[in-house]
Every structure is written in C-alpha cells, then in structure tokens.
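Q: Take a look and give me a structure for this.
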Amino acid sequence: MRPLHSTLETAVNTATQTTLQQSRTIERLVEGVATSDGAGVSLTRVLTGKLQQRLDPFLMLDAFGSDDPNDYIAGFPDHPHRGFETVTYMLAGRMRHKDSAGHEGLLGDGGVQWMTAGRGVIHSEIPEQKDGAMEGFQLWLNLPAQTKMAEPWYRDFPSDAIPEYITGENVTVRVIAGSSNGVAGVVTRETTEPLYLDIHVPAGATFSTALPQTHNAFIYVYRGAVRVGDTEVESQRMGILSNTPGADGITLSATGDARLILVAGKPLHEPIVQYGPFVMNTQQEIHQALDDYRNGHFA
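A: Numbers count the residues shown, from 1 in each chain. Next up is the predicted model:
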C-alpha cells in the first residue's frame with residue numbers, strides 16, 4: 001500500500017488553545033485487526049466488540065485506505081442497520097449512499113456522512129471510482145434506549161461545510177462533531193455528546209483541547225506519530241485515553257508531521273446486545289429486529 005494524500009479546501013479560522021490543568025494519558029495502545037466487510041472491502045477494525053464497554057458510547061471504528069481498486073471496488077451492497085448511528089469520514093475517494101428511507105448522496109474528499117439507523121434502514125455504500133485512493137473511517141455511535149426506534153435520519157456534509165481552525169502553532173483541526181477550542185462542529189447529540197476531530201499536527205507542534213471528564217475518549221493516528229505524556233502512539237495505532245480524575249483535556253505533540261482523529265463521548269451505561277448490524281439492549285429486541293427485517297418492516 002502506497003502513501004495516501006488528500007486535499008482539504010475548507011477555509012480555516014484561528015483559535016486559541018485551552019490551557020489545561022492536567023492532560024489525560026494513554027491507558028492502552030490498540031493495534032487494529034485486518035479484515036474485510038461488505039462485498040470484500042479490505043479494512044482495519046480498530047474498535048471491536050471487546051472495547052465497547054470501555055469506550056461506550058462507541059461500538060466500532062473501521063479504518064480503510066488503499067489505492068488498489070481491488071481492495072474497495074465492490075463496496076458495501078444493501079445491508080440493514082438498527083439501533084445506532086454510523087459516521088463515515090472520507091479522507092479521499094467517492095462513495096455513493098442509497099437507503100430504503102429514500103436518502104441518497106455522494107460522499108467525497110473530506111466529506112462526512114452521518115446516518116441514524118434508528119428503528120431500521122437498509123442501505124448501500126458503493127464507490128464511484130475505478131482507480132485512485134480511497135481512505136477514511138467509519139465510526140458506530142450507539143443510540144440510547146429511548147431513541148433506538150427513532151425514524152431513520154441521514155445527512156451528507158461536504159468538505160467545505162466542516163468547520164476548521166488553526167492554532168498559533170499551525171495545527172489544523174477539523175471539527176466534525178462537538179466543540180473544540182470554541183469552534184463547533186456540524187453535528188451535536190444531546191445524550192452521547194460526541195466529539196470528533198481530525199487533527200493535522202506539523203513537526204515540533206503541540207496541541208491541546210478540553211475534554212469533559214464524563215467522556216470516554218481515544219485517538220487514532222493515521223500518519224506519523226504523536227506523543228501523549230510519556231507514551232508515543234505510532235501510525236495505525238489507537239490510544240485509549242485514561243479517565244484520570246481531575247484531567248480536563250488532552251495535550252499531545254509531534255516531532256514529525258502527524259495526523260490523527262480524536263473521538264470522545266458520554267457513556268450511556270446501558271446494556272449492549274449486538275447481532276451483526278443490529279445493536280439493542282436486550283436479546284428479545286434483537287430477535288424482534290431480525291423478525292422485522294425478514295418481514296420487510298424496515299424503512
């Protein structure tokens with residue numbers, strides 16, 4: 001696999017970094033598992049079921065990246081979801097979304113697709129390219145019990161709709177969800193309060209942002225390496241951030257150019273029962289999801 005690059009054209013604003021009292025540290029480093037999904041798309045599963053309770057409300061993180069069409073061309077044909085949200089962030093490439101609720105959109109370089117499966121939706125994600133690089137992430141965000149059966153919702157955000165800011169040390173931050181250093185992202189959620197940042201750190205720079213002490217959080221480095229406290233997080237590694245009492249955010253630095261995502265959210269503290277693309281709170285609800293899907297009751 002050769003190095004991948006993407007061009008982001010969003011206008012940026014300047015922002016002053018928060019002064020922290022204490023940074024979180026790295027509790028654990030995680031190496032993703034190479035796998036395939038859909039019709040044979042090659043990807044790395046970084047957040048697996050074993051980490052769902054520790055990183056509640058997040059259920060899964062997949063990283064995909066290749067400039068070999070054989071790794072992605074078949075895409076993800078029609079498949080169902082119920083009980084959670086999917087967030088797809090494209091660093092490079094074009095992906096066409098269609099679903100049974102009547103939504104359709106084309107996700108391109110630097111764009112974000114946010115879909116609430118709710119009570120049930122069948123959708124497809126098919127590449128609209130036959131060559132070139134395709135790279136990005138798909139994150140699964142759990143829904144609280146009271147909204148698992150909500151109506152499906154979908155929105156595409158093109159690259160130029162994603163707010164960005166640049167710090168005094170020339171760190172560029174794209175704010176997909178939540179708020180960082182006074183800049184709000186394009187999506188907010190009341191219960192899970194997700195934060196989702198794409199951070200580009202030039203060599204020698206340091207970056208800080210506040211994190212609610214209530215939130216579970218992790219970083220995933222996809223270019224270079226960063227240091228959090230005494231721990232270096234290398235490329236293609238997740239660093240789970242400690243929930244140290246009194247820590248009010250994260251400070252990280254890079255000796256060489258680095259890029260990473262930072263994800264945080266407020267845990268639901270609810271039972272998680274998953275069967276493939278269905279995530280509910282009880283086994284009975286899973287059985288109902290299977291019956292509803294087989295009987296054509298999804299949107």
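Q: ok, the nearest residue to residue 264 once chain neighbours are set aside - contacts?
A: Among residues not flanking residue 264 along the chain, residue 217 sits closest, at 3.6 Å (Cβ to Cβ, 6 or more residues apart in numbering). All C-beta spots, glycine's among them, are computed from the backbone N, C-alpha and C. Residues near residue 217 by Cβ atoms under 8 Å, 6 or more residues apart in numbering: 24, 195, 211, 240, 241, 250, 262, 263, 264, 265.
Q: Show me which helix or strand of the protein is least confident by mean pLDDT.
A: strand 13-14 (a mean of 82; mean pLDDT, DSSP states H and E).
Q: List the pairing partners of the helix or strand following that one within its sheet, with orientation.
A: Proceeding N to C from strand 13-14, the next assigned helix or strand is strand 26-31, under DSSP states H and E. Here strand 26-31 has these sheet partners by DSSP bridges: strand 237-241 (antiparallel).
Q: List of residues touching the strand it pairs with?
A: 24-32, 46-47, 51, 54-55, 61, 211, 216-221, 228, 231, 233, 250, 264.
Q: List the buried residues for it?
A: 237, 238, 239, 240, 241 (16 or more other Cβ atoms under 10 Å).
Q: Stretch 280-294 too?
A: Here stretch 280-294 shows 280, 281, 285, 286, 288, 289, 292, 293 as buried, counting by 16+ other Cβ under 10 Å.
Q: can you check stretch 260-271 too?
A: 260, 261, 262, 263, 264, 265, 266, 267, 268, 270.
Q: Buried among the contacts of strand 237-241? Need that as a selection in ChimeraX.
A: Of the contacts of strand 237-241, the buried ones can be selected in ChimeraX as follows, counting by 16+ other Cβ under 10 Å:
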select :24,26,30,32,46,47,51,55,61,211,216,217,218,219,220,221,228,233,250,264
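Q: hmm, who's touching the least confident helix or strand of the chain?
A: For strand 13-14, contacts defined as Cβ under 8 Å, 6+ apart pick out 163, 164, 165, 166, 167, 168, 183.
Q: so how many other residues sit close to the fourth one?
A: The reference is to residue 166. Other residues lying near residue 166 total 14 when counted by other Cβ atoms under 10 Å.
Q: Tell me who's in contact with it.
A: Counting by Cβ under 8 Å, 6+ apart, the residues that residue 166 touches are 12, 13, 14, 15, 172, 173.
Q: now the residues you listed: which count as buried?
A: By neighbour count, with 16+ other Cβ under 10 Å, the contacts of residue 166 hold 15, 172, 173 as buried.
Q: Make CSV out of those residues and add pLDDT.
A: Converted to CSV, those look like this (pLDDT from 0 to 100):
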residue, pLDDT
15, 86
172, 98
173, 98
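Q: before we move on, the earlier item: from the contacts of strand 13-14, which is closest to residue 93?
A: Checking the contacts of strand 13-14 against residue 93 with Cβ to Cβ, the nearest one is residue 164 at 19.9 Å.
Q: how close does the closest one get to residue 173?
A: 7 Å (Cβ to Cβ, to the nearest Å).
Q: any residues in contact with both of the two?
A: Common contacts of residue 164 and residue 173 (Cβ under 8 Å, 6+ apart): residue 183.
Q: Quick one: low-confidence residue ranges for the stretch 151-299 of the chain.
A: Along the stretch 151-299 of the chain, no part satisfies pLDDT under 70.
Q: any chance you could map the strands in the stretch 51-200 of the chain?
A: 58-66, 76-81, 84-92, 95-99, 104-107, 112-116, 121-127, 134-142, 153-157, 164-166, 172-177, 179-180, 183-184, 195-201 (DSSP state E, counting those that start in this stretch).
Q: Of the ones you listed, which is nearest residue 256?
A: strand 195-201 (9.1 Å).
Q: Run the chain-centre distance for the closest one.
A: Centroid separation between strand 195-201 and its chain, computed with Cα atoms, centre = their mean, to the nearest Å, is 11 Å.
Q: Then stretch 160-175?
A: Averaged C-alpha coordinates place stretch 160-175 at 17 Å from its chain's average position (Cα atoms, centre = their mean).
Q: Same check on stretch 111-131?
A: 14 Å.
Q: can you give me the end-to-end distance of it?
A: 19 Å (Cα to Cα, to the nearest Å).
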